[in-house]
Each structure stands twice: as structure tokens, then as C-alpha cells.
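**Q** Output the structure for:
(chains A and B, ligands or ions: 1)
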Amino acid sequence: MPDLRELYQEVILDHHKRPRNFGPLPEGNRHAKGHNPLCGDRLTVHAQVADGIIRDVRFEGAGCAISRASASLMTDAVKGRPVAEAQRLFEEFHRMVTVGVDDEIEASLGKLSVFCGVREFPSRVKCASLAWHTLRSALGDGRDASTE
Amino acid sequence: MNPGVGLGASSVGAGPRVRPFDPASVVPDFPVLSQLVHGKPLSYLDNAATTQKPLAVVEGISHFYLHDNANIHRGVHLLSERATAAYEGARQAVQRFINAREAREVVFVRGTTEAINLVAQSLVRSGLKEGDEIVVSVLEHHSNFVPWKMAAEATGARLRVVPITDAGDLRLDQYERVLTSRTRIVALGHVSNALGTVNPVAEIVRLAHERGIPVLIDGAQAVAHLPVDVQAIDCDFYAFSGHKLYGPTGIGVLYGKAGRLDALPPWQGGGDMIRSVTLERVDYNTLPAKFEAGTPDIAGAIGLEAAIRYLEGLDRAAAFAHEEELLGYAIERLERVPGVRLVGRGAPRTSIVSFVMDEIHPHDIGTILDGEGVAIRAGHHCCQPLMHRLGLGATARASFAFYNRKEDVDRLADALDRVREVLG
Ligand SMILES: Cc1ncc(COP(=O)(O)O)c(C=O)c1O
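**A** Predicted coordinates for the structure are as follows:
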């Protein structure tokens, strides 16, 4: 089996135990709920967007270590960035956990690259991408997101 | 606590061809079990999702395709006659296995889900209406909930949901209370797939019949782990899937009392389910063909018969006793794993253990156990109303079959220590 430590890397475990940007965001103006029907995980992403920039972003909800850490690291990664760039990150992240990306792109993903091991665990890809799908909904039409 | 099923003396396992039961000696009958996963021996503890198939089933299906394959009914050639005989023989095997009065009371369908949809949709067509009520429980698998919800939404009928105790037992007092003159059908599970709780189905049926209400029992989790006698239960309908009974996927059974099935309109139209068709008029066939439109899963039925014959060749009472022992041992071992909390303490119950572990999500438990060769299921088990009732998003579930052994339980418990190492 691909090494479990590839999946449960220190950074992931740390963000799982101490999620960053966790909780409500009263001043948020973009919200969406996400649902992974596979395991019943639900999370909500709140964002405060002004002038095309994600000024603040937080998440709430319960999930597995992978989905929680992914949400936590995602909020860190997109905070302060233009919406368009968050979209690009979403696409590259998604490619990394599904088909894989070259070293250059992986490096450009920074801390998010700790999820590269997820690709070896097909049943967990949806856990890693739930927060991103939900963020995209929040930034887009605000409809509920689902990993299905 | 007595978690056991308490099977008592039953007729199962009696008979001349039966070999004495020994868990180690049945393992070779299931070739899939003898493999390494991720370099570790496989402990397959996901039997409530689907069971493994004995070689006899695989060979029965391949024999059919290699030697007898043809479409059934109306064929005038030898292969069609053989295929028809085999398919109808499978129906008789099911009749014998669940002790139905007649073979025509056995309708072959795709599985439990299709069986329940058949009854629900036929009920809609036979005039379910606003004000009518359908009784289900909070324990139900989605497949014994959603079809009724759909029927209710299509007609304006209403679902009444029987609650459970914190231990996971059905509240029979509450059940009696929701049975009224408006109740058109009761649809309850025999055994909960999430908790293993065994419902007192004969009592459930008796209470409904006192009020003239028909009862459907979802037996998906029961047939493999208890002796099932539909006449003793006296239910009007009984649904189960072949693949949870050591048979193939794609085949299942709707048992219905002949009078009840006769009274229901068909739900799918097509070949085989008609007696005659003119442009003006369609006359429906008699049972069971009326409910078997189109070419059925012939090979699946043959595989199911092979599974039944395999089980008939085991000392089933001893096999059930072994499963009960595994359950007791699993409870004992898991209770000693720090942070593990067992979910559901219904009694009696089958060999299913649901649990949660501190702050660790069941999905993570499942992945780490898989790395140790231990296959379990993590999630809501298609029982979201139940999970909601228990205040949980998901559980981890180990479910045993007679080919599991105590060492599988030991490997499960040891692997849970590893979960703590990785995530604790
Ligand atoms: C209690 C119960 N009912 C119904 C079903 C549905 O069975 P199938 O998917 O074979 O139709 C299952 C299977 O998980 C079950 O456990």
C-alpha cells in the first residue's frame, strides 16, 4: 500500500487537530454548504469578498482528518488572494489529487502540496476536494456543493 | 448483556448431507479470502455490505454460461428448456429456503431495493391517497425509506416513523400507537444494517394484522444470519438480496403471499408479464410472471440457488452460533480499545458492531485499517435518519460472516491501536 504517512502527513495532522480559520464569519458576504454524500461530511465555507479579493474566509463543519485539514489549509492559501487566483488554485489542486501534476506546479501549490499523497487513495480524493468545491460554490452561485 | 441472537433449536442444518461446521475449513470455499491486501492477509469484515461468494456459486454461474445459456420460457429448443428448468428450479430453492407456501410467491427482482420499490409503486397504482399512512422506522436503510417517501409524495399519503430507544431497539409501544385505520402498510427491517438490531418481526406482524394492515419486512440483513421462515413470521411481503446471502449481485427476491401479490397491479410492463396483448387490451400474466417483465437475471438466479445449496450443506445452526461467538468476542475486544465507543446495544442482534473512536473520523479509521488488511465500512451506512437520531455523522462498522475467525477480531482490535498511533 502507498505509505499511510504519505496521506497523513504532519502538516495535515496539525491542521486536523488545530484547524485555522475555523468558525463563523459574520461579515462574510459569500456562503455555501458542501456535502460529501459518501461519508456524510458537511461543511460550510464563508467568504468576505470585496473588489474581487477574498478578504477573509472561514469554514465550519465536521469531517475526517483529510477534509478538515484540506479546508483549513485552503482557507490559509486563498485568504487575501483574488477570486480568479483561487479558481486557478482549485483547478491545480484538483489535478494534483486526481491525475497528478509536475513538480513545478506542485511546488507552486506551496503547503497545499502535502495532499499529493491523496492521489494514491482514490476513496479519499473527495474528502480532500470537498472544501474546494464548496469554496467555488461560495464564490460562484452559492448553491450547495457536492462531491458527487 | 446478552448480545446473542438466541436461535434456539431450529430445523436449520438438519439433514443427511450436512458437514460439521468448522470456521477454518470453510475459508477455502471462498477463494477471494485467501489473498494479501497491501501485503497483509485480508480480514474481510464488510459482510453487511456484501458477502463473499463460495466457489460453488462462481462455478454454478460459469457452468450455466458454458453449457446451458439460452433465454427462458417459450423456447422450443433444448438449451431453452434447460435454462427454464434451472431458473424455475432456483425459484423452488428459494421457496424451500424461506419456507414459502408456493413457488409462485417468489418473485425474482434485482435486489432488496427493487423489491421494495415494486411494492411501493404498485401500492401507488392501486390507489394510495391523501390521508393514507405508511409506517416505517428510524432504523431503516434508505432503500426501505426513500421508496415510501416517494410513494407518499406522489399521492399525498404520510409516513409515520417509529422511534427507537437509545440502545437501538424499536419502540414497540410507539409502534402500536401509529397503527390506525389510515395505515395502508407497515414496512420495517428485520435486522438493522447499521446496528445489527433484530426486530421482533412476528410480533410486529401480529400487531398489524390485528388491525388488518399488511406488512413488508426488509430482510436484507437477516437471511444470511438467522433462519427465516416467512410463514412463521406471517409477513405479507419479504424482501432480500442474493449478494448478501453469499450469492451474486443483480438478483434478489420479493416474497409475497399469493393473495397479496394477486391483488397488486404490475409496476413494469413488457415481455413475459402478459398473457395476451392486442392493440386494444393487455391481459396480465399470473404469478410470478406478472411481476417479472423482461428477461430476468437467469444466471443470477442460478447463482443464488448455488448459494442456497451451499448453505444447506453447512450445519447452519453451528455457523450462526459461531457468528454469535464472534460478536461477543468483538464486543469484548473493542470495549477494551481506549477511546472506542460501541454504538447500538440492541438485543438480540446479529454479528454487526458499529463504533466510533474519540475525535477520529470513521473514514480515517477505515483507511488506516485497510492498510492493515482489515476491511470495514465507514459512513452513514445508508441510514441517515438513524445517524441523525444517534447524533452521529458516521460510524465505523465491522460485520462478520461465518467464515470469519477470532483472529480477524484480534487483527481489527490491533489495527485500531495503529489508528491511534497515526492520528491520536
Ligand atoms: C437493511 C437493508 N435494506 C436494504 C438494503 C439494500 O439492498 P440492495 O442494495 O441489495 O438492494 C440493504 C443493503 O445495504 C440493507 O442493509
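**Q** Contacts for stretch B:31-43, please.
**A** A:1, B:27-28, B:44, B:52-53, B:55, B:58, B:370-375, B:403-404, B:407-408, B:411-412 (C-beta atoms under 8 Å, 6 or more residues apart in numbering or on different chains). All C-beta atoms are positioned from the backbone trio N, CA, C, and that covers glycine.
**Q** who's B:A398 bridged to?
**A** Going by DSSP bridges, B:A398 is paired in beta bridges with B:V353.
**Q** Okay, helices next: where are they in chain B?
**A** Secondary structure of chain B, counting by DSSP state H: helices at B:23-26, B:55-63, B:78-98, B:112-125, B:146-155, B:172-178, B:201-209, B:230-233, B:258-263, B:298-312, B:316-335, B:362-371, B:384-390, B:406-423.
**Q** same check, this time on chain A
**A** A:4-7, A:10-17, A:65-78, A:83-98, A:103-108, A:125-139.
**Q** Pipe these into CSV and attach mean neighbour count and mean pLDDT per row.
**A** Formatted as CSV, the helices of chain A follow (neighbours: other C-beta atoms under 10 Å in any protein chain shown; pLDDT from 0 to 100):
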stretch, mean neighbour count, mean pLDDT
helix A:4-7, 18, 80
helix A:10-17, 18, 91
helix A:65-78, 26, 95
helix A:83-98, 18, 95
helix A:103-108, 11, 90
helix A:125-139, 25, 94
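**Q** Select, out of those, the one closest to B:H361.
**A** helix A:65-78 (6.2 Å; C-beta to C-beta).
**Q** for the closest residue to A:A77 other than its chain neighbours, what are its contacts?
**A** Nearest residue to A:A77, sequence neighbours excluded (C-beta to C-beta, 6 or more residues apart in numbering or on different chains): A:L112, at 5.6 Å. By C-beta under 8 Å, 6+ apart, the residues touching A:L112 are A:73-74, A:77, A:89, A:93, A:96.
**Q** can you tell me the residue of chain A closest to the ligand?
**A** For chain A and the ligand, the shortest gap (C-beta to the nearest ligand atom) falls at A:L38, measuring 14.6 Å.
**Q** Identify the residue spatially nearest to that residue, adjacent ones excluded.
**A** Nearest one to A:L38, counting by C-beta to C-beta, 6+ apart, is A:K126 at 5.8 Å.
**Q** And for residue 27, the neighbour number?
**A** Reading this off chain A. 9 (other C-beta atoms under 10 Å in any protein chain shown).
**Q** if you could check chain B rather than the one you did, that'd help
**A** Residues near B:V27, counting by other C-beta under 10 Å: 16.
**Q** same thing with B:A93?
**A** 21.
**Q** Nearest to B:D297 among the contacts of A:L112?
**A** Looking across these and measuring by C-beta to C-beta, the closest to B:D297 is A:M96, at 41.4 Å.
**Q** my read: that closest one touches A:L109, true?
**A** Yes - A:M96 lies in contact with A:L109 (C-beta atoms under 8 Å); the separation is 6.5 Å.
**Q** So which bits of chain A are right by chain B?
**A** Contact residues, chain A versus chain B (C-beta under 8 Å from any C-beta of the partner chain): A:1, A:4, A:7-8, A:13, A:16, A:38-42, A:62-66, A:121, A:123-124, A:127.
**Q** Take the helices of chain A and lay them out in TSV including distance to the ligand.
**A** Compiled in TSV, the helices of chain A are given as follows (distance: least, C-beta to the nearest ligand atom, whole Å):
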stretch	distance to the ligand
helix A:4-7	27
helix A:10-17	30
helix A:65-78	24
helix A:83-98	28
helix A:103-108	39
helix A:125-139	20
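**Q** Just the buried ones among the contacts of stretch B:31-43, please.
**A** Buried residues within the contacts of stretch B:31-43, counting neighbours by 16 or more other C-beta atoms under 10 Å in any protein chain shown: A:1, B:27, B:44, B:52-53, B:58, B:370-375, B:403-404, B:408, B:411-412.
**Q** So which of these reach the ligand?
**A** Among the buried ones among the contacts of stretch B:31-43, no residue is within reach of the ligand (C-beta under 6 Å from any ligand atom).
**Q** quick revisit: the residue nearest to A:A77 and A:F93, how far apart?
**A** Going from A:L112 to A:F93 by C-beta to C-beta, to the nearest Å gives 6 Å.
**Q** Could you do B:P385 as well?
**A** 34 Å.
**Q** quick one, what contacts the residue of chain A closest to the ligand?
**A** With C-beta under 8 Å, 6+ apart, A:L38 has these contacts: A:123, A:126, A:147-148, B:379.
**Q** tell me the least confident of those?
**A** Note: of those, the lowest pLDDT belongs to A:E148, at 69.
**Q** remind me which residues of the stretch 251-400 of chain B are low pLDDT?
**A** For the stretch 251-400 of chain B, applying pLDDT under 70 flags no range at all.
**Q** and it, which of its residues are near the ligand?
**A** B:C382.
**Q** Chain A contacts on the stretch 251-400 of chain B?
**A** Selection of the stretch 251-400 of chain B residues close to chain A by C-beta under 8 Å from any C-beta yields B:360-364, B:367-368, B:370-371, B:378-380, B:384, B:387, B:393-394.
**Q** Farthest-apart pair in those, please.
**A** Taking C-beta to C-beta as the measure, these have their most distant pair in B:G371 and B:Q384, spaced 27.8 Å apart.
**Q** re the thing from before, need the overlap of contacts for A:L112 and A:F93.
**A** Contact criterion C-beta under 8 Å, 6+ apart; residues shared by A:L112 and A:F93: A:M74.
**Q** number of nearby residues for residue 24?
**A** You didn't pick a chain, so chain A it is. When neighbours are counted by other C-beta under 10 Å, A:P24 registers 12.
**Q** switch to chain B, that's the one I care about
**A** 9.
**Q** quick one, what contacts the nearest residue to it once chain neighbours are set aside?
**A** Excluding the flanking residues, the one nearest B:A24 by C-beta to C-beta, 6+ apart is B:R405, at 6.8 Å. When contacts are counted by C-beta under 8 Å, 6+ apart, B:R405 touches B:23-24, B:27, B:326.
**Q** tell me which parts of the stretch 51-200 of chain B are close to the ligand?
**A** So far as C-beta under 6 Å from any ligand atom goes, the stretch 51-200 of chain B lies against the ligand at B:111-113, B:141, B:143-144, B:189, B:193.
**Q** Can you say which two of these are spatially most distant?
**A** Largest separation among those by C-beta to C-beta: B:G111 and B:G189, giving 14.6 Å.
**Q** Neighbour count: the two, which is higher?
**A** B:G189 (30 against 23).
**Q** The more buried one reaches B:H142, doesn't it?
**A** No - assessed by C-beta under 8 Å, B:G189 is found out of contact with B:H142, at 11.4 Å.
**Q** For B:A330, see how far away the residue nearest to B:A24 is.
**A** On the measure of C-beta to C-beta, B:R405 and B:A330 end up 11 Å apart.
**Q** same thing with A:R81?
**A** Taking C-beta to C-beta, one finds A:R81 at 49 Å from B:A330.
**Q** Count the residues that sit near the nearest residue to A:S123 once chain neighbours are set aside.
**A** Ranked by C-beta to C-beta, 6+ apart and with sequence neighbours excluded, the top spatial neighbour of A:S123 is B:T367, at 7.3 Å. Other residues within reach of B:T367, judged by other C-beta under 10 Å, total 24.
**Q** And B:A103, by the same measure?
**A** B:A103, neighbours per other C-beta under 10 Å, totals 17.
**Q** Surely it and B:F97 touch.
**A** No - using C-beta under 8 Å, B:A103 and B:F97 do not qualify as a contacting pair, with a distance of 11.5 Å.
**Q** and the residue found closest to A:A131 once you drop the neighbours it is linked to in the chain, what is it in contact with?
**A** Distances taken as C-beta to C-beta, 6+ apart place A:A71 nearest to A:A131, at 3.6 Å, with adjacent residues excluded. A:A71 is in contact with A:19, A:43, A:45, A:59, A:61, A:63, A:130-131, counting by C-beta under 8 Å, 6+ apart.
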